[in-house]
Each structure stands twice: as structure tokens, then as C-alpha cells.
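S.K.: Next input, structure requested:
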Amino acid sequence: MTIDELLFFSSETKREKDMSMESEMRAKFGGVWNSLLLLFVVIVCIRFASLEQAGESLAERILCGIHLFLGCVAAGFLLGILRIFLGFSNDTYTRAPASANFTQGLKYGIVVGGMLIFIIGILQLDNFLGVFQPIANGLITKLTGIFA
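M.R.: Next up, the predicted model:
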């Protein structure tokens, strides 16, 4: 640890402060678990589109799935910009770089968008989870019974 880190109580290392946007994107979206998370969001979007547009052609269903995923990316983009603006309220020496705030907001926005589509798919579409749908329906009825 350097004297600057000890004096200013910074949790970031020099390497993390100097990361570019490209390396931040690789750090936030690289790796096995992050790739599986993004794949899960894409699968949820395509599954929702295929069940919602069941009477349409294959091209129409794929286009709807792409639009859903791009909506998740747009939500992540807006959340990333919001995290940059909210990061300015911190002191300079404790603030993360703008690229770190943006990429973390982008990742969280994509994941939250995918989870919202997943929850709406479970609640509104029949057989969204396939063989696991009766289990999900049972859990939902128990949860609503608790709060009713």
C-alpha cells in the first residue's frame, strides 16, 4: 500500500484507477459466470418472445427477442449514465472512475432488465418454465397467500 491509499482510505489500487473503458468492459463482462449471466438474459428474451408471438413467423419472434434484449441494454446504458452522475456526489479520492461506474451500471441494467422479463414471463405466460412451471405457480400462490 502506498501512503496515498493509507491517507485517503481508498479501496482502489493504482491499477484499478488507471483502467480504460475497454479493460473495464472485459473485467465486468468477461469470465465464465458473467458470460453465463448474459446468455441467461438472451435465452429469457428469446423464450419470452417465442411464447408471446407464438402465431407469428420465426423471423418476427427472433426480431422481438432482439428488441427485448436491446431494451435491456438500453436500460443498462441509462443506469450506467445515472451511476456516473451519482458518483459525483462522493469525494474525489473515494470516487470510482467513470468507466467503472458506467460498466457496472450497464451490467446491472442488463441483468435487472432480464430478471424483469423473467418474472413477467413466469407470471403471465403459460408454460414459460416448461416442466418447472407448476412448481413456480405453487410458490407464487403460497407467496400471495402469505400477503393476502
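S.K.: From now on I want contacts and neighbour counts done on CA atoms only, so please keep to that.
M.R.: Will do.
S.K.: Buried by neighbour count: which residues of the helix or strand I110 falls within qualify?
M.R.: Assigned by DSSP states H and E, I110 belongs to helix 98-124. Neighbour counts using 16 or more other Cα atoms under 10 Å place 98-115, 117-118, 121-122 of helix 98-124 among the buried residues.
S.K.: Please apply the same query to stretch 64-79.
M.R.: So for stretch 64-79, counting by 16+ other Cα under 10 Å, buried means 64-66, 68-79.
S.K.: Among those, which lie within helices?
M.R.: Within the buried residues of stretch 64-79, residues falling in helices by DSSP state H are 64-66, 68-79.
S.K.: Which member of those is positioned nearest I46?
M.R.: Closest approach to I46 among those (Cα to Cα): G65, at 4.5 Å.
S.K.: That closest one against L51, yeah?
M.R.: No. Using Cα atoms under 8 Å, G65 is not in contact with L51; the gap is 10.4 Å.
S.K.: At the geometric centre of this protein, which residue sits there?
M.R.: Ranked by distance to the mean C-alpha position of the chain (Cα atoms, centre = their mean), the top residue is V111 at 1.7 Å.
S.K.: what pLDDT does it get?
M.R.: Per-residue confidence at V111 stands at 90 (pLDDT).
S.K.: Quick one: residues contacting the residue nearest to F77 when sequence neighbours are not counted.
M.R.: Residue nearest to F77 in three dimensions, not counting chain neighbours: L106, with 5.2 Å by Cα to Cα, 6 or more residues apart in numbering. Contacts for L106 were tallied using Cα atoms under 8 Å, 6 or more residues apart in numbering; they are 73, 75-80.
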